[in-house]
Every structure is written in C-alpha cells, then in structure tokens.
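Asker: build the 3D model from these lines:
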Amino acid sequence: MLNRRRYKAYSRRYFPIQLSIFKQILMKRCAFITLGCKVNQYETQAMREIILKNGYTETQANERADLYVINTCTVTAVSDTKSKQFIKKTARQNPEARILVTGCYAEANSAEIKSFTKGLNITIADRNEKAKIAEFVSSNGSTVPSKEPGSIFDLKISAFEDHTRAFLKIEDGCDNRCSYCIVPFARGDVISRPIDGVIEEAKRLADNGYQEINLTGIHLGAYGKDFAANNKNGANLLNVLVELEKIIGLERIRLSSIEANEISDDMIELIAGSEKICPHFHLPLQSGDDYILKRMNRKYDTNKYLSILDKIRNKIELPAFTTDLIIGFPGENEERFQNSMETCRKAGFSRIHIFPFSAREGTPAAKMPDVCEPAAINARKKIMRATARELAINYARNFIGKDIKILTESTFEESTGALSGYTERYVKTDFIGDKSNMKKFVTVKAKEVADDHLAGVLIN
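Answerer: Just a heads-up that it's a prediction; the model follows:
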C-alpha cells in the first residue's frame with residue numbers, strides 16, 4: 001500500500017497523463033478533404049471554423065475522426081474519380097464516423113453517390129445546406145436540417161488555414177453556359193454577396209494579420225449582376241475594389257479568374273492608379289482558335305481577347321497575364337492547335353494552366369463529333385507545356401536587376417535558409433533568409449531566372 005507521501009508523488013506524476021488520455025478518448029475529432037478551386041478552399045475553411053467552434057479538434061484525413069467533411073469537385077472526369085475515391089476510402093476505413101459530402105460533384109451527382117454509399121453514415125449537403133453546418137454537427141441525426149435553408153454567404157471566415165494570403169469568396173454560380181462546363185449545373189445562377197458583408201470579412205481578415213486577399217467566385221466578373229436584375233443596390237466588382245482599398249492593414253488585393261471581356265476601362269484605370277490592387281490578370285482563354293472558341297460558346301474571339309490585353313498594357317507597366325487552356329476540344333486539329341500556340345505567344349502569358357478536354361455528361365460538348373484522340377492530346381499537352389515554360393521565363397526576365405516586393409510563404413528550410421514568395425505580379429521568387437522573414441513583405445533584388453521563376457538576394 002502506498003503511504004501518503006508516495007501517493008502524492010504518484011498522483012503528480014501519473015494523474016495528468018491519465019487525464020490527458022481520458023480527454024483524448026472523449027474529444028470529438030474532425031478531418032477535411034478538399035478538392036478543386038479556391039471557392040472550395042474558402043468554403044472548407046468556413047465549415048472548419050464552425051465545426052471547431054462546436055467542440056471538435058482537427059486531425060489529418062488519414063487519421064481516425066468522428067466527422068469527415070469531403071468537399072468535392074466535378075470540373076473534369078479526373079475530379080469526379082478523385083472525389084468518388086475519397087468518399088469510398090473514407091467510408092470504408094471509418095465505418096463508425098459521420099461523413100458530410102458537399103461541393104460540385106455532390107451537387108451534380110448526388111444520385112450516384114447515394115448508389116455506392118447505401119447503408120453508410122453519409123450525408124450530402126447542397127450549397128445552401130453548407131450554411132447550416134452548425135446544426136448538422138450539433139445534431140444527433142445524420143441529416144442536415146432542410147427547413148428554411150440558409151444562404152451560402154452565411155458561411156464566413158476569420159482566418160485561412162495554413163495560408164499566407166486569404167481567399168475571400170464574394171460570388172457563387174455562373175450564367176455563361178460554356179459548352180464544355182458542368183459547373184453552372186452544379187452551382188446554379190449567379191449569386192452575389194452583399195458588399196457590406198464583403199467589406200466586414202475583409203476587415204476581419206486584415207485585423208487577423210492577412211495582408212493579401214484574393215477575391216474569388218465561380219464567375220467573379222458577374223458580381224452584382226443579380227443585384228441589378230432585382231433592382232437592388234448597384235454594387236459591382238469595381239465598387240468592391242474601391243472599398244477594399246480603404247481597409248487599413250490590407251496591402252494587396254488580388255483578383256482570381258475573371259473573363260477578359262468583363263475588364264472595363266474604369267477597372268483598368270483603377271488598377272493602374274492603385275498601390276494595392278495587383279497588376280495580375282487571370283483571364284481564361286480556353287482556346288486560341290476562333291472556330292473552337294465559337295464551339296465552346298465563349299463570348300469573344302482571339303482579336304477581341306488580345307485587344308483587351310493591349311489596352312491593359314497601354315495603362316499598366318508589365319502586367320502579368322495568366323490563363324487556362326483546354327487541349328483537345330472536339331474539332332481541334334493540328335492547324336487549330338497551332339493557332340492556339342500562336343495566340344498564347346502573342347498574349348505573352350506568364351503562366352498557363354493546361355487541361356486536357358474532359359467530356360462532361362449533360363453538356364453540349366459531350367455530344368460533339370470530331371473527338372480528338374488521346375495520343376494527340378497528350379502530344380499537344382507536352383508541346384504547350386514547353387511553350388508555357390518558355391513564356392514564363394521570358395516574362396520573369398523582365399525583373400532581373402530590379403528590387404521587387406515579396407510576400408513570403410510560410411515554409412522554411414532549416415538547413416539552407418531557403419524561402420520563397422510571390423510578387424504582386426504573381427512571379428514566384430526564391431531567396432535566402434531566416435524564420436523572421438516568413439509571412440512578411442520583404443524586398444529582394446532579382447538576380448536570375450531559376451527554372452521558370454526568379455531567384456534573388458534579400459535586401460530588407
């Protein structure tokens with residue numbers, strides 16, 4: 001039997017350990033799997049904050065949890081496959097857990113998900129039901145309450161997990177109906193976030209240390225279209241940018257993807273005179289051939305697209321143009337592919353995101369003849385990647401010898417002191433520093449092009 005002194009020593013030594021184990025047993029755990037775009041990343045972060053406030057602690061997706069949130073994507077067949085694999089794997093490995101499946105694949109393929117998850121504890125939430133995530137996690141049932149569904153913009157964030165810069169979603173849905181795209185069927189028509197809510201969230205993020213915000217949406221340039229259609233306040237994307245510039249502590253405002261034909265003269269003038277709005281334009285081209293653009297149901301031809309780039313260049317020094325490009329759209333032969341290559345060269349893109357065409361069931365493009373052979377698509381992808389790298393190098397060379405301002409990322413190599421960050425024109429830059437430089441603005445003198453980005457020396 002322990003005497004009193006030995007009992008006290010034993011208790012001091014082992015009781016905290018036992019209590020810690022007990023807490024771990026009782027603690028509710030959650031994990032998140034996110035596929036796809038910046039909008040999905042934003043929505044996952046918003047759901048994360050709600051769930052953690054409801055008593056959960058976060059763990060990794062490959063570890064045991066009581067609740068898994070899988071935010072899916074359906075932009076390509078590969079996205080569908082990955083979404084399906086994560087759902088099946090998570091359910092198989094965690095039969096006792098609750099699994100919430102949301103995102104575009106869930107919206108567009110809910111019947112398919114139900115067919116391969118029969119008998120499993122899986123709930124599918126549409127875009128408005130995401131806003132009621134608090135009711136889901138606090139309820140003992142396995143369904144999201146369906147009465148009076150909330151607005152998607154009831155989801156809000158105050159931070160951005162593991163990111164130096166924050167995404168801020170201001171719009172959802174798309175009215176464009178490009179012939180290859182399934183997303184409008186999953187997301188619905190354009191819905192804009194009230195401007196007061198946008199500014200409130202941007203201020204909250206700035207107060208929490210985020211010096212760069214990336215405005216995002218499914219069809220960002222259509223922001224405010226629904227307000228005008230319903231005779232509400234006349235806020236548009238230009239109004240949002242003007243108001244964001246006034247926020248103290250917010251140093252950079254970056255636009256995510258926006259259609260070239262939605263860049264107005266007033267927007268160009270605003271960005272040209274701004275010290276905060278980045279001169280970086282992500283303008284999806286999709287194809288550089290007019291016949292293919294018409295088949296895609298895009299709203300411009302190559303001359304119109306290039307003329308908008310020239311208009312921007314006339315007002316802004318060395319603007320960065322990045323883009324998305326689809327390879328192998330039905331009807332793309334070698335000549336039309338070469339036209340795309342030539343258009344990309346004329347545009348002088350600093351970065352090209354290349355996607356092989358993926359037929360999405362239910363879209364007009366899925367029924368089009370003249371389908372490209374996989375071998376031809378793969379060959380063209382390699383050629384376009386080489387062209388994209390060449391263009392990226394050409395653009396980066398413009399900054400050699402110049403002092404450039406970098407927002408440093410949060411990764412640091414202890415052994416070498418290696419850091420990296422991005423300029424306002426979204427050119428990645430490597431340099432040597434120390435941990436004190438992480439997540440801060442620093443000035444670097446660009447010395448050379450390393451691969452397809454810059455390498456420089458830290459000045460301050």
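
Asker: contact partners for Thr90?
Answerer: Neighbour list for Thr90: Ile33, Ala61, Tyr68, Ile70, Ala97, Ile99 [criterion: C-beta atoms under 8 Å, 6 or more residues apart in numbering]. Quick note: C-beta positions are derived from backbone N, CA and C, even for glycine.

Asker: give the buried residues for stretch 97-117.
Answerer: 97-109, 113, 117 (16 or more other C-beta atoms under 10 Å).

Asker: could you do stretch 382-391 as well?
Answerer: By neighbour count on 16+ other C-beta under 10 Å, the buried set for stretch 382-391 is Met384, Thr387, Ala388, Leu391.

Asker: now the host helix or strand of the second one, how far from the centre of its chain.
Answerer: It stands for Thr387. Element membership for Thr387 (DSSP states H and E) is helix 374-396. Relative to its parent chain, helix 374-396 has a centroid offset of 23 Å by C-alpha atoms, centre = their mean, to the nearest Å.

Asker: what's it packed up against?
Answerer: The criterion is 3 or more C-beta pairs under 8 Å, 6 or more residues apart in numbering; DSSP states H and E, and the helices and strands that helix 374-396 contacts are strand 320-327, helix 334-347, strand 351-356, strand 453-458.

Asker: I'd like to know which of the ones you listed lies nearest to Leu241.
Answerer: For the helices and strands packed on helix 374-396, proximity to Leu241 was assessed by C-beta to C-beta; strand 320-327 is nearest, at 17.2 Å.

Asker: now the closest one and helix 334-347, what's the angle there?
Answerer: Following axes from the mean of the first three to the mean of the last three C-alpha atoms, to 10 degrees, one obtains 170 degrees for the angle between strand 320-327 and helix 334-347.

Asker: reformat the buried residues of stretch 382-391 as TSV; add pLDDT and distance to Ala159.
Answerer: Shown next, in TSV, are the buried residues of stretch 382-391 (pLDDT from 0 to 100; distance: C-beta to C-beta, whole Å):
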residue	pLDDT	distance to Ala159
Met384	98	37
Thr387	97	39
Ala388	97	33
Leu391	97	35
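
Asker: which single one of those residues is nearest to Asp154?
Answerer: Proximity of these to Asp154 (C-beta to C-beta) peaks at Ala388, which lies at 39.3 Å.

Asker: excluding its backbone neighbours, what's nearest that closest one?
Answerer: Spatial nearest neighbour of Ala388, chain neighbours left out: Ile352 (3.9 Å); criterion: C-beta to C-beta, 6 or more residues apart in numbering.

Asker: picking up where we left off before, can you tell me which of the helices and strands packed on helix 374-396 is packed in deepest?
Answerer: strand 320-327 (a mean of 22; mean count of other C-beta atoms under 10 Å).

Asker: contact partners of that strand?
Answerer: With contact meaning C-beta under 8 Å, 6+ apart, strand 320-327 is reached by 180, 257, 279-288, 296, 309, 312, 337, 340, 344, 347-357, 377, 380-381, 384, 395, 425-427.

Asker: quick check: closest non-adjacent residue to Ser256.
Answerer: Spatial nearest neighbour of Ser256, excluding adjacent residues (C-beta to C-beta, 6+ apart): Thr216 at 4.2 Å.

Asker: what of Val449?
Answerer: The shortest distance from Val449 to any non-neighbouring residue, by C-beta to C-beta, 6+ apart, is to Ala396 (4.8 Å).

Asker: same check, this time on Asn460
Answerer: Closest residue in space to Asn460, ignoring its immediate chain neighbours: Thr443 at 5.3 Å, by C-beta to C-beta, 6+ apart.

Asker: my guess is that neighbour meets Lys402, correct?
Answerer: No: using C-beta atoms under 8 Å, Thr443 makes no contact with Lys402, being 10.3 Å away.

Asker: the helix holding Thr387 versus strand 351-356: what angle between them?
Answerer: 180 degrees.

Asker: buried sites along the helix or strand just after helix 374-396?
Answerer: For helix 374-396, the following helix or strand on the C-terminal side (DSSP H and E) is strand 403-408. By neighbour count on 16+ other C-beta under 10 Å, the buried set for strand 403-408 is Ile404, Ile406, Leu407, Thr408.
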